[in-house]
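# Return a 3D structure for these sequence lines:
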Amino acid sequence: NGDFKTFSLPSITNEELNRINDFLNFDIKNINDLKKIYFDDFDIGFAVASTIITLTSNPNPDLGECKNLVNDLLWSSARVYLSVKKLLKENKPSKLYFHNGRHALGRAVLRLSESFKIDYCSYEAGFKIDEFILYENGMPQDRVLREKQIRTHWAKNKNYNQKYNAAESYFMKQKSGENAITIRLNYVRNQNQNKLPQNWNSEKKNIVIYNTTENEYAAIDDSFSLPFYSSQLNGIKEIAKSLEINKETHHLYLRIHPNYAQNNDPAVKDFLALNYPNLTIIKPDSDISTYKLMLEADKNITFFSSVGPESVFLGKPTILLGQAAYNELGGFYIPKTHNECIDLITKTLKPLDRKGAIMWGYYHLTYGTKYKYYKPVDNMNGKFKGKAVASSYFAKKLKSRLFKKYLFPLESLISYVYRFILKSTL
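Now for the predicted structure:
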């Protein structure tokens, strides 16, 4: 009936508190140093890195500028870990539910669930504003889990035409921007649907590369590392360099993900600075059409963007260079080395089978559970059993670019007061 009880986390002892304080003596120079830190079997470094990356909109933030925040997140996550560990021992629950699981505090609960061999569900907003999705014993970002969901969901419906029509509807809504939950996430709203770059030459082989922002996946674990490039930027550089000898017949276009126009990720400067005679850069806020590019290209290349299945569905030869939830669904040319990648780009390719893309589209249009007691007003606000529920003032401000700019100077002062004055009273 939607009723629930609340309870407080168990307190920790002075001995445990001292253990946490001793644990914080790390010399952390960069995000990779942070990711190496573990607290027992809890990958606390990865978890804190994920939160820092989200707050800064930067997969390689300057940790010197947010040192106190890093330390506070390490301290808080370790404390949650020890408190929840006591709670699980005392109550012995049969199942746990928590949001997402990739961030600092939530991942502490996730790792304890695994340690105690307790089934759990991480939950996340669905593909529609009035739905949510449960992820059994994994995070929403878990590629293997997502693929399993896709295949299981596909197998439940034996009506192929129904599934195909749903997939087609999904891809059409992607193209029109109708699937976007908010205006901010409607990346095609300012694009001219028939516009191509001025230097587009149909007499050449035109290859379009679609990069993507890395913030959500930069600190999950090492499984999202690119197979043979150190980064998307490195991959694009290597491809452009290798294809310079083919510049009379082949031309590359980099469609920088539109989301880069809305966050503080300094990586966009590196993409914009790329300078090769056979490479045209399309800025993130350009009105050049992503879908016109996709349709007119001889080949499309993606790292792990959702553009991948869209390209396959449109019947375009598509090269995949990263680790995505759709890797094993089929439809992609997946090179194992840089030389294989160049070979695929330069030779004639036929479109591969579209079934995996159809499965992807069907899943995204039809998967999810409608809220029973919660009625959303928008993606940030709604009503639970008729009572208005809204994001906190602080949570809203965290999403503000202006606030993020001044977050860390303010945070340093707050952190000092908390760590050296209030903490002693806890």
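
# show me what contacts residue 280?
For residue 280, the contact set (CB atoms under 8 Å, 6 or more residues apart in numbering) comprises 197, 199, 251-254. Placement of C-beta: from N, CA and C, glycine included.

# Return the closest of those residues with respect to residue 260.
Of all the contacts of residue 280, residue 254 has the smallest distance to residue 260: 11.4 Å, by CB to CB.

# just to revisit the earlier point, same list (the contacts of residue 280) but as TSV, adding secondary structure, distance to residue 176 and neighbour count.
Formatted as TSV, the contacts of residue 280 follow (DSSP: H, G, I helix; E, B strand; the rest coil; distance: CB to CB, whole Å; neighbours: other CB atoms under 10 Å):
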residue	secondary structure	distance to residue 176	neighbour count
197	coil	22	18
199	coil	27	9
251	strand	28	22
252	strand	27	23
253	strand	22	24
254	strand	24	23
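
# any idea which of these is closest to residue 65?
For those, the nearest to residue 65 is residue 254 (29.0 Å; CB to CB).

# ok, that closest one touching residue 271?
Yes - Residue 254 is in contact with residue 271 according to CB atoms under 8 Å; the separation is 6.7 Å.

# helices or strands next to the lengthiest helix in the chain in the packing?
Among all segments of the chain classified by DSSP state H, the helix with the greatest residue count is helix 67-91. Contacts defined by 3 or more CB pairs under 8 Å, 6 or more residues apart in numbering; DSSP states H and E place helix 67-91 against helix 14-23, helix 44-56, helix 104-115, helix 401-417.

# Could you check the angle that helix makes with helix 14-23?
Interaxial angle of helix 67-91 relative to helix 14-23 (axes from the mean of the first three to the mean of the last three CA atoms, to 10 degrees): 140 degrees.

# Any chance you could list what contacts helix 67-91?
The contact list for helix 67-91, computed with CB under 8 Å, 6+ apart, reads 9-12, 16-17, 20-21, 23-24, 28, 34, 37, 39-40, 42, 44, 47-48, 51-52, 55, 63, 104-105, 107-109, 111-112, 116, 118, 408, 411-412, 415-416, 418-419.

# List the contacts of stretch 227-246.
Contacts with stretch 227-246, where a contact means CB under 8 Å, 6+ apart, come from 209, 211-212, 214, 226, 250, 252, 254, 267, 270-271, 274, 276-279, 301, 303, 321-323, 335-338, 341-342, 345-346.

# for the stretch 301-426 of the chain, what are the low-confidence residue spans?
In the predicted model of the stretch 301-426 of the chain, residues 391-426 satisfy pLDDT under 70.

# lowest average confidence, helix or strand, in the chain?
When the helices and strands of the chain are compared on mean pLDDT, DSSP states H and E, helix 401-417 comes out lowest with a mean of 46.

# Can you pull the poorly scored residue ranges out of the stretch 101-250 of the chain?
216, 219.

# Which parts of it are strands?
Assigned by DSSP state E, counting those that start in this stretch, the stretch 101-250 of the chain shows strands spanning 119-125, 131-136, 205-210, 250-255.
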